[in-house]
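[1] Sequence first, predicted model second:
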Amino acid sequence: MHHATKNCFRVGRLVSAGRTTNRATWAAVEHLLSVNMACNNHVPKRNKVLTVENMNPNIRTMEYAVRGPIVQRATEIENELSKGAKKPYKDVVKCNIGDAHAMGQRPITFLRQVVSLCTYPELLKDNRFPSDAKERAQRILNCCRGQSVGSYSESAGLEVVRQDVAAYIEKRDGGIPSDPHNIILSAGASEGIRSVLKLLVSGEGKTRTGVMIPIPQYPLYSASVAELDAIQVNYYLNEENCWSLEIPELKRSIDEARKHCNPKCIVVINPGNPTGQVLSKENIENVIKFAAQEKLFIIADEVYQDNVYAKGCEYHSFKKVLTELGPDYAHLELASFHSTSKGYVGECGLRGGYCEAINLDPDVNLQLSKLISAKLCPTVTGQAAMDVVVNPPVEGEPSYELFIKEKKEVLSNLAQKAKLVADSFNGLDGVSCNTVQGAMYAFPRVMLPQKAIDQAKKLGKQPDAFYAESLLEDAGICVVPGSGFGQVEGTFHFRTTILPPVAKITEVMERYTAFHTNFLNQYKD
């Protein structure tokens, strides 16, 4: 019998024998599975139907930097530390991804209460839960088939949640109407964004769809564009002007792109990821006018709309600004997105999100409905979480005071950390960082010594990747190299989250300061 087959039988016996599976049992299972994979890897390729050579080439092209090789190495170091390895640090701090709860942020009580009640309705009889949480949960359950979140919802999401999203948008935008039929719920904003991009991609050669994306950008966009075999059209944010989005650069970008593709949409991330800027109303107006002039579909990634910290900065929704510009712009196609993963709730794992798509051709709307129906429905517990984000406790309800206290605490801590991180970077030689106006990240620029750049090239690595890998190995801090987001050639950056608790982020900056000083001394010209 083949080794892999024998191991499958042994795994089955271990699991069935260990009904109260302990750590030792699972360790044995994991070992056998790893052996099984190793055996499979030694099967000659001629026996494989699917190989790297004949697989979908677009998947090979895809890259997603925030979960790239450096993150895998960080996990390896964590395992080494757990086995007693001696390092100049006691732990690895993963500042590579905007995962608030993984960094120690506590859940919002009201949201978890509502989701718990939806998941286990017997708790509705429990007097420890406040009446407003019970009312929200019962309202959601009443909209579920069989009054269970374990049932499929409509493909666009539960009607009651879409109604609440529309009401939230209408209130947020000062009374501008929002139609629940234009709302699509999704498993995180990313799923909704990918669905809209799928609709947009068509053509061949010079007619192939071009997607304008900001550089630096969130790698979801470059990865999705690659997977869909569309054309990535870069426009560069101006670092010298706090990562502003400037119209001459948009014009340069689209004129150049039209020589080889058909630019069909523009992506704007506001507040910015990875750059942390917040667009002014005037800036948004100019982007909308540019989109109208160039006949572009607008994708507005607004998942950080609650994360604005800097004085003088304010979030303005693309929909509101577009509407206020008047009838000349009222017809523009716009898809805007929000999520449970960011803001003050940080519920990444529950996978809740929404898309509001306005001014779509009715026939395209039907095609969008068909596209999302193939996925059956977004996770219903994620929809319940999204409902709490858009329909939180209001003044006079039992949960209001605790909710407001927790929300303010999260946002005030983020504002404090945004300033602390930027100030710390700017206090170092060879590092500059724009004000973190919003979102959850800093994107500092590092002036690397020529010797460090030469050493990186000798090793076949991007200089900023070499720097980030050294930071991980020497200081235990995991960040993402700027090359994973895109940057002006000859400049070097990295992205770090501002999510660790204040005490931890202070320690991180102390570790970083020591590392950076040593790195400059090691490679000084």
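    Nice, I can see it.
[2] contacts and neighbour counts: CA atoms only from here.
    OK.
[3] show me the contacts for the closest residue to residue 71 other than its chain neighbours.
    Distance criterion Cα to Cα, 6 or more residues apart in numbering; nearest residue to residue 71, sequence neighbours excluded, is residue 478 at 6.8 Å. By Cα atoms under 8 Å, 6 or more residues apart in numbering, the residues touching residue 478 are 70-71, 74, 92-96, 468, 471-472.
[4] and if we set it to 7 Å?
    Applying Cα atoms under 7 Å, 6 or more residues apart in numbering to residue 478 gives the contacts 71, 74, 93-96, 472.
[5] and it, bridged to which residues?
    residue 94 (DSSP bridges).
[6] Now do the closest residue to residue 511 other than its chain neighbours: how many residues are near it, please.
    Setting aside the residues directly before and after it, residue 511 is nearest to residue 475 in space (Cα to Cα, 6+ apart), at 6.0 Å. For residue 475, the count of nearby residues is 24 (other Cα atoms under 10 Å).
[7] can you give me the helices in the stretch 401-525 of the chain?
    Using DSSP state H, counting those that start in this stretch, the helices found in the stretch 401-525 of the chain span residues 450-458, 463-475, 502-523.
[8] So for residue 191, which of these sits nearest?
    helix 463-475 (28.5 Å; Cα to Cα).
[9] Which parts of the stretch 101-250 of the chain are helices?
    In the stretch 101-250 of the chain, the segments counted as helices under DSSP H, counting those that start in this stretch are 109-119, 131-143, 159-172, 189-200, 219-227, 247-257.
[10] Distance to residue 304 and mean pLDDT for these - can I get that in a markdown table?
    As requested, the helices of the stretch 101-250 of the chain are exported to a markdown table (distance: least, Cα to Cα, whole Å; pLDDT from 0 to 100):
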| stretch | distance to residue 304 | mean pLDDT |
| --- | --- | --- |
| helix 109-119 | 18 | 97 |
| helix 131-143 | 24 | 96 |
| helix 159-172 | 14 | 97 |
| helix 189-200 | 11 | 91 |
| helix 219-227 | 15 | 88 |
| helix 247-257 | 23 | 96 |
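[11] Those into a markdown table, with extra columns for mean neighbour count?
    Converted to a markdown table, the helices of the stretch 101-250 of the chain look like this (neighbours: other Cα atoms under 10 Å):
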| stretch | mean neighbour count |
| --- | --- |
| helix 109-119 | 21 |
| helix 131-143 | 19 |
| helix 159-172 | 20 |
| helix 189-200 | 19 |
| helix 219-227 | 21 |
| helix 247-257 | 16 |
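[12] Looking at these, which is nearest to residue 458?
    Ranking the helices of the stretch 101-250 of the chain by their distance to residue 458 (criterion: Cα to Cα) puts helix 219-227 first, at 26.7 Å.
[13] Give me the helices and strands touching that closest one, please.
    Where contact means 3 or more Cα pairs under 7 Å, 6 or more residues apart in numbering; DSSP states H and E, helix 219-227 is packed against helix 57-61, strand 231-236.
[14] deepest of those, which one?
    strand 231-236 (a mean of 22; mean count of other Cα atoms under 10 Å).
[15] relative to helix 247-257, how tilted is it?
    Counting by axes from the mean of the first three to the mean of the last three Cα atoms, to 10 degrees, strand 231-236 lies at 150 degrees to helix 247-257.
[16] mind listing the strands for the protein?
    Assigned by DSSP state E, the strands in the chain fall at 93-94, 183-186, 209-215, 231-236, 262-269, 297-301, 334-339, 353-358, 431-432, 441-442, 445-446, 477-478, 480-481, 494-497.
[17] Now tabulate those strands in a markdown table and tack on distance to residue 60 and mean pLDDT.
    Converted to a markdown table, those look like this (distance: least, Cα to Cα, whole Å; pLDDT from 0 to 100):
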| stretch | distance to residue 60 | mean pLDDT |
| --- | --- | --- |
| strand 93-94 | 26 | 92 |
| strand 183-186 | 26 | 94 |
| strand 209-215 | 20 | 95 |
| strand 231-236 | 16 | 94 |
| strand 262-269 | 23 | 96 |
| strand 297-301 | 26 | 96 |
| strand 334-339 | 28 | 96 |
| strand 353-358 | 28 | 95 |
| strand 431-432 | 34 | 96 |
| strand 441-442 | 28 | 94 |
| strand 445-446 | 29 | 96 |
| strand 477-478 | 25 | 94 |
| strand 480-481 | 20 | 92 |
| strand 494-497 | 24 | 94 |
